[in-house]
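Asks: Pasting a predicted model and its sequence here:
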Amino acid sequence: ARPTISEATRNKLINMVRVTDRIPPDEILNRHVATEALHKVFDGEVPTAGELKLLTKVFDLNLVRSIMEKTPWYVAAKNLGIDLANLPRTILAMGDVSAWFRQGAMLISEPVSFAKAMGKSLQVMFDEDAYKLLEKDIQAHPLYGRLKKAKLYQAPIESGGNAWEREETFISNLARRIPFARASERAYNGFLNKLRADVFYNYAGKWGSEASTKELSTLADAINAFTGRGSLGRMNRTGAEMAAVFFSPRFFASRVQAPLQLLRPGAWAWEGWKGRTLKHPSPLHLSRPGYFVAKKLAASTGLALTMLELARMSGAEVETDSRSSDFGRIKIGDTRIDIMAGMQPLIRAAAQIITGERKNLRTGKIENVSPWEVLVTGRSSFGRSKLSPPAGAAVTLASRKKNKEGRYEYFPFAGPEFELTMKDLPEALLHDLAPMSSIDLIDAWNEEAPWIGMLAGAAGATGFGVSTFTPYDEKPRKRRRKTHL
């Protein structure tokens, strides 16, 4: 067994960080980060590359290596397992800039910050030095200290570190050995880091020094939720383990939490009856962070409705029945484009559960459906669509049934209602593990027309949900395409 660090040694090492002159006295944040890095090592976690650099400022390099060697073997084994389980999701996101209109879509009403972040993501995708400079630029801002105190999420720029601290799409360290996966990660992190920071600095700057810590924390939480970084509460540190089973637990949480930001205490201000004015005639009114949340929710909803109406006027089909899985999607032939940035499955599932009904895609008829079927047992159930690629593949293999001819058929974990025979299974599993943007293009190109394929590929690469399939009918139909929810 590896030796452990005694309590006395731990206290001695922590005190060395507190009193060292190798970190300038005015760098209070760096001293705090170095202390936190030590605690990570003590807990069997792996510090980020930036944290290790700070530790080497305080301690000899050999001492740092010695501390790291005391990490229990089972921790290293667990980290490897997490890397392997999360590798397929990273491969799915390779070669695109899907953060633009998926994670970032709810802040598109900040056009200047959004456009700058888009440009930066393209720059850092092909320039690693620019990627590193981006972090320095964000940290050089006068309000960076308030940003950190408010706990606005910034994905770590350096490789390594704890899996739960990274963006969940790029949790796997193994993927960094794939050249284009690293470039995709830079584009993804670069876009979201800059967008979050610029929006925070913009509003914190407008509010000035009078902005309270509570206001800035509420603002930071709202920005995190609007950009796909939902809170898992006490399970935050198990985010990597959860991502090995579920496709994007933090993103799912963010879409649930985004509209709920209006219910937070920090979104409201109580002025009292004597504090009423013409601007605020009620003693209870939205606070400045509350107005920010309300404006972003209204703007993103209005933009989505406008795009759907423009698509309908242009000749595309748009489903308005929330009980249908095509609700809120732009339908061109058999290709569907989802512009709702992850909100559509939540609205659809809620509508089906509340009404106890769903709309059949093939017949257009309304059918009865139970909450359990909506969430769990249905072939295209909400719960099964949220599984990670490995977990989804396992469910697909476990859900086989014999048909009338005595052959096994498999019902995939997500997507429209179709049947999959054993002959189709290897191709289908490979199909689900290929980069999504390329598959979106190929499917629509083959099943519809080249121009629809190009449109679907561009939409998928920039973050819109794309699926091409023919609804299931009475006869078994070969698998066409899974829906990315």
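Replies: Structure's in. What do you need?
Asks: Where do the strands of the stretch 301-450 of the chain begin and end?
Replies: Assigned strands in the stretch 301-450 of the chain, in chain order: 317-318, 329-332, 335-338, 357-359, 366-368, 401-402, 408-410, 420-421 (criterion: DSSP state E, counting those that start in this stretch).
Asks: average pLDDT for the first one?
Replies: Strand 317-318 shows an average pLDDT of 94 in the prediction.
Asks: residues making contact with that strand?
Replies: For strand 317-318, the surrounding residues in contact (Cβ atoms under 8 Å, 6 or more residues apart in numbering) are Leu308, Glu309, Ala311, Arg312, Gly328, Arg329, Ile330, Lys331, Ile332. The way it works is simple: take the backbone N, C-alpha and C, and place the C-beta from them, glycine included.
Asks: 6 Å instead?
Replies: Among residues not part of strand 317-318, those counted as contacts by Cβ atoms under 6 Å, 6 or more residues apart in numbering are Leu308, Ala311, Arg312, Lys331.
Asks: And for the fifth one?
Replies: Residues outside strand 366-368 that contact it (Cβ under 6 Å, 6+ apart): Glu357, Arg358, Lys359, Asn360.
Asks: Between which two of the residues you listed is the distance greatest?
Replies: For the contacts of strand 366-368, the farthest-apart pair by Cβ to Cβ is Glu357 and Asn360; their separation is 10.2 Å.
Asks: show me where pLDDT drops low in the stretch 301-450 of the chain?
Replies: Within the stretch 301-450 of the chain, the stretches falling below the threshold (pLDDT under 70) are 377-381, 396-448.
Asks: next one: the stretch 151-300 of the chain
Replies: Flagging of the stretch 151-300 of the chain using pLDDT under 70 yields the residue ranges 158-164, 271-283.
Asks: so where do the strands sit in it?
Replies: Applying DSSP E, counting those that start in this stretch to the stretch 151-300 of the chain gives strands spanning 268-270, 284-286.
Asks: in the first one, what's buried?
Replies: I take that to be strand 268-270. Within strand 268-270, the residues that count as buried by 16 or more other Cβ atoms under 10 Å are Ala269.
Asks: partners of that strand, with directions?
Replies: Taking DSSP bridges as the criterion, strand 268-270 pairs within the sheet with strand 284-286 (antiparallel).
Asks: Next, the buried residues of the partner strand.
Replies: Buried positions in strand 284-286, judged by neighbour count with 16+ other Cβ under 10 Å: His285, Leu286.
Asks: Show me where the stretch 151-300 of the chain has its helices.
Replies: With DSSP state H, counting those that start in this stretch applied, the stretch 151-300 of the chain shows helices at 179-207, 213-226, 239-243, 249-260, 288-313, listed in chain order.
Asks: a markdown table please, covering these and showing mean neighbour count.
Replies: A markdown table is the format used below for those (neighbours: other Cβ atoms under 10 Å):
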| stretch | mean neighbour count |
| --- | --- |
| helix 179-207 | 21 |
| helix 213-226 | 23 |
| helix 239-243 | 22 |
| helix 249-260 | 20 |
| helix 288-313 | 16 |
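Asks: For Ala8, find the nearest of those helices.
Replies: Nearest to Ala8 among the helices of the stretch 151-300 of the chain is helix 239-243 (31.9 Å), distances taken as Cβ to Cβ.
Asks: how distant is that closest one from the center of its chain?
Replies: For helix 239-243, the separation from the chain centroid amounts to 12 Å (computed by Cα atoms, centre = their mean, to the nearest Å).
Asks: Report the contact partners of Leu38.
Replies: Leu13, Ile14.
Asks: If you count neighbours, what's buried in the regular element (helix or strand) spanning Lys78?
Replies: The secondary structure element spanning Lys78 is helix 73-92 (assigned by DSSP states H and E). Neighbour-count burial for helix 73-92, with 16+ other Cβ under 10 Å as criterion, is recorded at Asn79, Ile82, Asp83, Ala85, Asn86, Leu87, Pro88, Arg89, Thr90, Ile91, Leu92.
Asks: Next SSE downstream of that helix?
Replies: Beyond helix 73-92 in the direction of the C-terminus, DSSP H and E gives the next helix or strand as helix 111-126.
Asks: buried residues in that following helix?
Replies: Along helix 111-126, the positions that meet the burial threshold by neighbour count (16+ other Cβ under 10 Å) are Ser113, Phe114, Ala117, Met118, Lys120, Ser121, Gln123, Val124, Met125.
Asks: Following the chain past it, name the next helix or strand.
Replies: From helix 111-126 onward toward the C-terminus, using DSSP H and E, the following helix or strand is helix 128-139.
Asks: contact partners of that next one?
Replies: Contacts of helix 128-139 from elsewhere in the structure, counted by Cβ under 6 Å, 6+ apart, are Gln123, Val124, Ile157, Arg186, Gly190, Ala197.
Asks: What is the neighbour count of Thr238?
Replies: Residues contacting Thr238 under the criterion other Cβ atoms under 10 Å number 13.
Asks: what about it, distance to Lys57?
Replies: Taken as Cβ to Cβ, to the nearest Å, the spacing of Thr238 relative to Lys57 amounts to 31 Å.
Asks: Could you do Val256 as well?
Replies: Taking Cβ to Cβ as the criterion, Val256 is separated from Lys57 by 41 Å.
Asks: do Trp268 as well
Replies: Plainly put, Trp268 is 44 Å away from Lys57 if you go by Cβ to Cβ.
Asks: Gly95 now?
Replies: Here Gly95 is placed at a distance of 38 Å from Lys57 (Cβ to Cβ).
Asks: and which of the contacts of helix 128-139 is nearest His32?
Replies: Ile157 (18.4 Å).
Asks: per-residue confidence for the residue nearest to the closest one when sequence neighbours are not counted?
Replies: When the adjacent residues along the chain are set aside, Ile157 lies closest to Glu135, with 4.4 Å between them (Cβ to Cβ, 6 or more residues apart in numbering). Reported pLDDT at Glu135 in the predicted model: 87.
Asks: Tell me which other helices or strands the helix or strand hosting Leu55 touches.
Replies: Per DSSP H and E, Leu55 falls inside helix 49-58. The criterion is 3 or more Cβ pairs under 6 Å, 6 or more residues apart in numbering; DSSP states H and E, and the helices and strands that helix 49-58 contacts are helix 28-42.
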